[in-house]
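K.L.:
3D model of this:
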Amino acid sequence: MEIATVGAGCFWGVEAAFRRTAGVVSTRVGYLGGTLADPTYEDVCTGTTGHAEVVEVVFDPARVDYRALLEVFWSSHDPTTADRQGPDVGTQYRSAIFTHSDAQLAAASESKAARQTSGHHRRPIVTQIAPATTFYSAEEYHQQYLEKRGISNCHLP
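P.N.:
Numbers count the residues shown, from 1 in each chain. Next up, the predicted model:
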């Protein structure tokens with residue numbers, strides 16, 4: 001098994017997209033990329049901890065390729081808006097790919113460059129690519145939030 005970790009705005013909808021992906025074994029939502037140890041949701045919402053809301057994806061590389069997971073990431077949010085997704089504003093909602101190996105770093109960089117030149121976006125992609133640091137699991141009520149409520153997505157009309 002391998003791990004992929006991404007931030008694409010509010011983690012609820014992004015987690016749901018990955019949970020529907022064949023080859024994904026499990027997901028957890030949480031916080032990564034900041035300076036405060038053991039942050040809470042309330043801490044991260046202040047925008048002062050440096051953490052992003054992220055989804056940690058455990059996947060079977062024999063069943064799904066990391067590059068395919070990157071496509072789920074790109075299609076789950078707008079990577080051209082800095083520190084914002086829809087009504088959610090703040091650094092905790094930034095677009096980010098946190099890599100766990102040199103191979104993931106190379107794949108993420110190539111994928112970002114290809115996406116930028118693909119014509120999918122009129123504005124520059126602002127997605128941060130950085131090595132993964134300590135992942136802090138979000139509170140239990142955030143895990144599989146949409147599934148627990150019988151909601152398929154949280155996108156606004």
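
K.L.:
CA only for contacts and neighbour counts going forward, please
P.N.:
Fine.

K.L.:
Could you identify the longest helix within the protein?
P.N.:
As assigned by DSSP state H, the longest helix anywhere in the chain is helix 102-117.

K.L.:
Mind giving me the packing neighbours of that one?
P.N.:
For helix 102-117, the elements it packs on are helix 66-75, strand 95-99, strand 128-131, judged by 3 or more C-alpha pairs under 8 Å, 6 or more residues apart in numbering; DSSP states H and E.

K.L.:
Is it possible to get a markdown table of these that adds mean neighbour count?
P.N.:
Output for the helices and strands packed on helix 102-117, formatted as a markdown table (neighbours: other C-alpha atoms under 10 Å):
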| stretch | mean neighbour count |
| --- | --- |
| helix 66-75 | 17 |
| strand 95-99 | 24 |
| strand 128-131 | 16 |
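
K.L.:
quick one: which of the ones you listed is nearest residue 49?
P.N.:
Of all the helices and strands packed on helix 102-117, it is strand 95-99 that lies closest to residue 49, at 15.7 Å by C-alpha to C-alpha.

K.L.:
Mind checking the pLDDT average for that closest one?
P.N.:
Mean pLDDT, strand 95-99: 97.

K.L.:
Please export the C-alpha coordinates of stretch 105-122 as PDB.
P.N.:
Output of stretch 105-122 as PDB, limited to C-alpha atoms (Å, rounded to 0.1, in the frame of the first residue of the first chain):
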ATOM      1  CA  LEU A 105       7.300  14.500  -6.500                       C
ATOM      2  CA  ALA A 106       8.200  13.900 -10.100                       C
ATOM      3  CA  ALA A 107       4.700  12.700 -11.000                       C
ATOM      4  CA  ALA A 108       3.000  15.600  -9.200                       C
ATOM      5  CA  SER A 109       5.300  18.200 -11.000                       C
ATOM      6  CA  GLU A 110       4.700  16.600 -14.400                       C
ATOM      7  CA  SER A 111       1.000  16.400 -13.800                       C
ATOM      8  CA  LYS A 112       0.800  20.000 -12.700                       C
ATOM      9  CA  ALA A 113       2.800  21.100 -15.800                       C
ATOM     10  CA  ALA A 114       0.600  19.000 -18.100                       C
ATOM     11  CA  ARG A 115      -2.600  20.300 -16.500                       C
ATOM     12  CA  GLN A 116      -1.400  23.900 -16.900                       C
ATOM     13  CA  THR A 117      -0.800  23.500 -20.700                       C
ATOM     14  CA  SER A 118      -3.900  21.300 -21.300                       C
ATOM     15  CA  GLY A 119      -6.300  24.200 -21.800                       C
ATOM     16  CA  HIS A 120      -8.400  23.200 -18.800                       C
ATOM     17  CA  HIS A 121      -7.700  26.400 -17.000                       C
ATOM     18  CA  ARG A 122      -7.500  30.000 -18.200                       C
END
